[in-house]
Every structure is written in C-alpha cells, then in structure tokens.
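Give me a 3D structure for the following:
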Amino acid sequence: MFNADERERYARHILLKEIGGPGQQRLKAATAVLVGAGGLGAPAALYLAAAGVGRLRLIDHDTVALSNLQRQIIYNASDAGAPKVEQARAALHALNPNVVIETRRERLSDANASTLLDGANIVLDGTDDFSTRFAVNAACHALGVTLVSGAVGRWDGQLATFKSGATKQLPPQQRLPCYRCLVPDAPPDAETCAQVGIVGALTGVIGSMMALEAIKEITGAGESLAGRLFIFDGLNATARTIALKRDPSCAVCGDA
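Numbering: from 1, shown residues only. Reported below is the predicted structural model:
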C-alpha cells in the first residue's frame with residue numbers, strides 16, 4: 001500500500017498504463033544495487049530513488065574529489081574528501097525519504113561480489129575497471145540477477161542489459177549473453193576517464209538510461225534491452241542498437 005505522500009509523489013508513474021499501481025508496487029518492493037556511485041551511478045541512483053525503488057544499495061570505496069563534480073551530480077563542493085556512499089545516501093534520503101538506502105564502503109571483487117549483491121532484484125554497474133565489471137557479471141550470472149551495464153569514454157557511451165543468469169537453465173539456443181560474451185578479456189590498452197577525459201553531460205545520458213532500463217525490467221514495461229547493445233555518439237548526436245550473441249565458449253556463461 002502507498003501512503004498519501006507516495007500516492008502524490010508517484011502519480012505520474014501510476015498514470016502510465018505500462019506501470020500503473022501494480023508496477024509502482026513492484027518498484028516499491030524491489031532492491032536495486034548500484035556498483036559505483038560515480039558518473040553513471042549518481043544520476044542512476046537519483047532517478048531510481050525518485051521513481052520509488054524501495055531499497056537502494058550503494059557500493060563504492062572512494063571519496064569525493066573536486067574533479068568528480070563536473071559529472072557526478074549527486075555531490076556538492078562541500079562533500080570533497082567524504083565517502084561517496086555516505087554523501088550519496090544523504091542526498092537520496094533528502095530526495096525521497098520513503099526509500100531505504102544501504103551503503104557498502106568497499107571495493108567489489110570476486111571474493112565479496114556474491115555477498116554484496118545478495119538479495120538484489122537488479123544490479124546496475126557503472127564502474128570503470130574491467131576486473132570489477134567481470135566480478136559483477138560473474139556474480140549476477142551465478143545469482144540469476146539481471147545486470148544493467150553502462151560505460152562511457154570521451155563523447156561515447158554504451159548500455160546493455162544482461163540476463164544470462166535468468167536463462168542459464170534453458171536450452172543453449174535460448175540462453176542470453178552475459179557481459180563476458182561482449183568483452184571476453186580486458187583490453188590491454190584500456191583507458192579510464194582520468195586518462196582520456198569525459199564530457200560530463202554524457203554520464204547523465206547513459207546513467208539516466210541505466211535507471212530507465214532498470215525501471216522497465218522491474219515493472220515489466222516495454223521491450224528489454226537484453227541481447228542488444230545500445231551505442232551513443234554524443235559528439236555527432238547519433239545512436240544505434242546492435243544485436244549481441246551468446247558466446248558458447250564464454251568463460252562465464254558458455255556451454256562448458
């Protein structure tokens with residue numbers, strides 16, 4: 001049931017036939033885990049809290065730096081030096097006190113991924129290193145949890161939803177790919193935003209789209225992005241979506 005505040009707060013969602021009251025109840029009952037509270041995690045967390053996702057778990061080991069503020073819009077200048085998850089929790093609680101905010105100030109790894117993601121209905125990965133991305137993907141596959149993965153660099157962004165864990169019991173031809181089907185190994189020349197730069201507003205575009213796809217997955221609205229990759233070119237204002245195929249020899253979700 002919704003209280004009076006929630007009924008007014010979520011009125012525009014409830015008007016949508018694709019969400020309505022039942023969909024909003026599913027949002028309220030859901031637990032979404034955000035791995036990374038930075039450029040992508042910040043806008044995603046704000047929109048998920050605003051949407052009324054009942055429980056948000058933030059995982060990030062880092063502190064706020066002035067160089068973050070060009071794109072990590074959940075923080076203020078006065079937050080510099082403070083733990084990201086704690087400052088983000090305060091901002092999210094101020095936005096929507098009906099949402100339960102959990103924080104984990106630690107770096108996710110293969111050793112702790114399953115514990116940190118336990119109980120999640122959906123996971124959003126906005127991290128910028130491949131070792132963490134691989135650990136998140138493996139845990140989501142093992143736990144059977146849907147993963148929404150976003151990435152950005154310079155002016156370009158990409159987004160995909162992975163449901164390999166939810167389909168691993170199906171016949172091989174019906175299974176969906178995981179993140180390692182897209183990126184089997186870490187590129188030897190992988191670059192970070194700190195090395196090559198990033199236009200701040202791009203993280204808002206992709207982070208907001210991550211939240212949108214999560215809302216769709218939780219409520220069952222629209223068409224899932226699972227099995228497809230969305231690619232956005234901010235410099236030229238173009239976008240395209242391509243099909244992703246499962247790799248039968250994938251180290252995580254392959255036939256072996």
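
Can you name the element that comes right after the helix or strand of the chain with the lowest mean pLDDT?
The least trusted helix or strand in the chain, going by mean pLDDT, DSSP states H and E, turns out to be helix 193-196, with a mean of 80. Next helix or strand after helix 193-196 toward the C-terminus (DSSP states H and E): helix 200-219.

Pretty sure residue 241 sits in a helix.
No. Counting by DSSP: H, G, I helix; E, B strand; the rest coil, residue 241 is not part of a helix but strand.

Any idea what it is bridged to?
residue 230 (DSSP bridges).

Contact partners for it?
225, 228, 229, 230, 231 (Cβ atoms under 8 Å, 6 or more residues apart in numbering). Using the backbone N, CA and C atoms, a C-beta is placed for each residue, glycine as well.

Report the buried members of those.
By neighbour count, with 16 or more other Cβ atoms under 10 Å, the contacts of residue 241 hold 225, 229, 230 as buried.

in the least confident helix or strand of the chain, what counts as buried?
Residues residue 193 are the ones in helix 193-196 that count as buried (16+ other Cβ under 10 Å).

likewise stretch 72-90?
72, 73, 74, 75, 79, 83, 84, 85, 86, 87, 88, 89.

Closest to residue 168 out of these?
For these, the residue nearest residue 168 by Cβ to Cβ is residue 85; the value is 30.9 Å.

Give the phi and psi angles for the closest one, as a check.
phi -60, psi -30 (degrees, to the nearest 10).

Leaving out chain neighbours, which residue sits closest to it?
residue 103 (3.9 Å; Cβ to Cβ, 6 or more residues apart in numbering).

what's the answer for residue 144, then?
residue 165 (3.9 Å).

got it, and residue 86?
With Cβ to Cβ, 6+ apart, the residue lying closest to residue 86 is residue 103, at 6.3 Å.

Just give me the neighbour total for the one you found.
18 (other Cβ atoms under 10 Å).

Report the beta-bridge partners for it.
Residues in a beta bridge with residue 103, per DSSP bridges, are residue 58.
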